[in-house]
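[1] my questions are about this predicted structure, shown below with the sequence.
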Amino acid sequence: MGVCMFDIKLEDNTPSARLKYARELTGLSRTLFCKVSNLSLSSVSHWENGEQKYSRQAAEQLVKSLKERGIQVSAEWLMEGIGHEPKTFNDQKDNQSNFKKNLFGESQQLLQNFIKIV
(Lines give C-alpha, C1' and ligand atoms only; values in the text may rest on other atoms or scores of the structure.)
Protein backbone atom coordinates (compact mmCIF):
# COMPACT_ATOMS: atom_id res chain seq x y z
CA MET A 1 0.00 0.00 0.00
CA GLY A 2 3.09 2.27 -0.05
CA VAL A 3 3.59 5.11 -2.45
CA CYS A 4 6.00 4.58 -5.30
CA MET A 5 8.21 7.62 -5.73
CA PHE A 6 7.87 7.38 -9.51
CA ASP A 7 4.07 7.70 -9.30
CA ILE A 8 4.33 11.10 -7.62
CA LYS A 9 4.64 14.12 -9.88
CA LEU A 10 5.15 17.79 -9.15
CA GLU A 11 1.94 19.26 -10.60
CA ASP A 12 3.28 22.81 -10.98
CA ASN A 13 5.94 24.98 -9.46
CA THR A 14 3.85 26.70 -6.79
CA PRO A 15 4.47 26.57 -3.03
CA SER A 16 1.27 24.57 -2.58
CA ALA A 17 2.23 21.98 -5.22
CA ARG A 18 5.77 21.71 -3.84
CA LEU A 19 4.46 21.07 -0.33
CA LYS A 20 2.00 18.45 -1.53
CA TYR A 21 4.72 16.77 -3.60
CA ALA A 22 7.14 16.62 -0.64
CA ARG A 23 4.44 15.34 1.72
CA GLU A 24 3.34 12.65 -0.73
CA LEU A 25 6.93 11.38 -0.86
CA THR A 26 6.52 10.36 2.79
CA GLY A 27 3.83 7.87 1.77
CA LEU A 28 1.45 9.38 4.33
CA SER A 29 -1.98 10.81 3.73
CA ARG A 30 -2.39 14.47 4.61
CA THR A 31 -4.38 13.51 7.71
CA LEU A 32 -1.82 11.04 8.99
CA PHE A 33 1.11 13.34 8.15
CA CYS A 34 -0.51 16.12 10.19
CA LYS A 35 -1.26 13.80 13.07
CA VAL A 36 2.25 12.36 13.38
CA SER A 37 3.82 15.79 12.77
CA ASN A 38 1.57 17.62 15.23
CA LEU A 39 0.45 20.03 12.50
CA SER A 40 -3.01 21.46 11.94
CA LEU A 41 -4.87 19.52 9.25
CA SER A 42 -6.81 22.66 8.37
CA SER A 43 -3.63 24.70 7.86
CA VAL A 44 -1.88 22.04 5.78
CA SER A 45 -5.04 21.58 3.69
CA HIS A 46 -5.18 25.32 3.00
CA TRP A 47 -1.46 25.38 2.16
CA GLU A 48 -1.62 22.37 -0.17
CA ASN A 49 -4.74 23.69 -1.90
CA GLY A 50 -3.16 27.12 -2.42
CA GLU A 51 -5.80 28.85 -0.30
CA GLN A 52 -3.19 30.32 2.06
CA LYS A 53 0.56 30.84 1.93
CA TYR A 54 2.67 29.35 4.68
CA SER A 55 5.16 31.43 6.62
CA ARG A 56 8.90 30.89 6.85
CA GLN A 57 8.38 29.51 10.37
CA ALA A 58 5.77 27.05 9.07
CA ALA A 59 8.11 26.03 6.23
CA GLU A 60 10.85 25.30 8.77
CA GLN A 61 8.44 23.13 10.79
CA LEU A 62 7.41 21.32 7.61
CA VAL A 63 11.08 20.70 6.73
CA LYS A 64 11.64 19.23 10.19
CA SER A 65 8.56 17.01 9.93
CA LEU A 66 9.50 15.85 6.44
CA LYS A 67 13.06 15.09 7.58
CA GLU A 68 11.70 12.96 10.43
CA ARG A 69 9.88 10.94 7.77
CA GLY A 70 12.90 10.42 5.53
CA ILE A 71 12.54 13.37 3.14
CA GLN A 72 15.33 15.89 2.71
CA VAL A 73 14.10 19.27 1.50
CA SER A 74 14.83 22.92 2.23
CA ALA A 75 12.50 25.70 3.28
CA GLU A 76 13.79 27.68 0.28
CA TRP A 77 12.63 24.97 -2.11
CA LEU A 78 9.22 24.67 -0.45
CA MET A 79 8.62 28.42 -0.45
CA GLU A 80 10.42 29.64 -3.59
CA GLY A 81 11.40 26.59 -5.63
CA ILE A 82 15.07 27.46 -5.12
CA GLY A 83 17.51 24.59 -4.72
CA HIS A 84 17.11 20.86 -5.10
CA GLU A 85 13.85 18.97 -5.20
CA PRO A 86 13.15 16.74 -2.19
CA LYS A 87 14.90 13.43 -2.01
CA THR A 88 14.56 10.46 0.25
CA PHE A 89 17.43 9.53 2.51
CA ASN A 90 15.77 6.33 3.74
CA ASP A 91 15.04 3.70 1.17
CA GLN A 92 11.44 3.29 0.03
CA LYS A 93 11.01 0.19 2.21
CA ASP A 94 11.73 2.29 5.31
CA ASN A 95 9.08 4.84 4.29
CA GLN A 96 6.55 2.06 3.68
CA SER A 97 7.45 0.46 7.00
CA ASN A 98 7.00 3.78 8.81
CA PHE A 99 3.67 4.27 7.04
CA LYS A 100 2.48 0.85 8.21
CA LYS A 101 3.66 1.51 11.79
CA ASN A 102 1.85 4.86 11.85
CA LEU A 103 -1.28 3.33 10.35
CA PHE A 104 -1.20 0.51 12.90
CA GLY A 105 -0.75 3.01 15.73
CA GLU A 106 -3.68 5.08 14.47
CA SER A 107 -5.84 1.95 14.23
CA GLN A 108 -4.91 1.00 17.79
CA GLN A 109 -5.87 4.49 19.02
CA LEU A 110 -9.22 4.36 17.22
CA LEU A 111 -9.92 0.95 18.74
CA GLN A 112 -9.06 2.19 22.23
CA ASN A 113 -11.34 5.20 21.77
CA PHE A 114 -14.14 2.92 20.58
CA ILE A 115 -13.73 0.66 23.62
CA LYS A 116 -13.96 3.68 25.92
CA ILE A 117 -17.25 4.71 24.29
CA VAL A 118 -18.77 1.24 24.53
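    Nice, I can see it.
[2] can you list the low-confidence ranges for the chain?
    1-8, 90-116, 118 (pLDDT under 70).
[3] where do the strands sit along it?
    Here the chain has its strands, by DSSP state E, at 71-72, 87-88.
[4] need the winner for burial among those strands.
    When you average the neighbours per residue for each of these (mean count of other C-beta atoms under 10 Å), strand 71-72 leads with a mean of 20. In short, each C-beta sits where N, CA and C put it, glycine included.
[5] if we look at that one, which residues are touching it?
    Residues outside strand 71-72 that contact it (C-beta atoms under 8 Å, 6 or more residues apart in numbering) are 22, 25-26, 66, 86-89.
[6] which parts of this protein are helices?
    15-25, 30-37, 41-48, 56-68, 75-80, 92-117 (DSSP state H).
[7] hang on, the earlier thing: switch the strands of the chain over to a markdown table; also include distance to T31.
    Output for these, formatted as a markdown table (distance: least, C-beta to C-beta, whole Å):
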| stretch | distance to T31 |
| --- | --- |
| strand 71-72 | 18 |
| strand 87-88 | 21 |
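[8] which one of those strands lies nearest to I117?
    strand 71-72 (36.0 Å; C-beta to C-beta).
[9] sheet-wise, list the partners of the closest one with their directions.
    strand 87-88 (antiparallel) (DSSP bridges).
[10] coming back round to it: out of the strands of the chain, which is closest to N38?
    strand 71-72 (16.7 Å).
[11] quick one: residues contacting S43.
    Counting by C-beta under 8 Å, 6+ apart, S43 has contacts 52, 54, 58.
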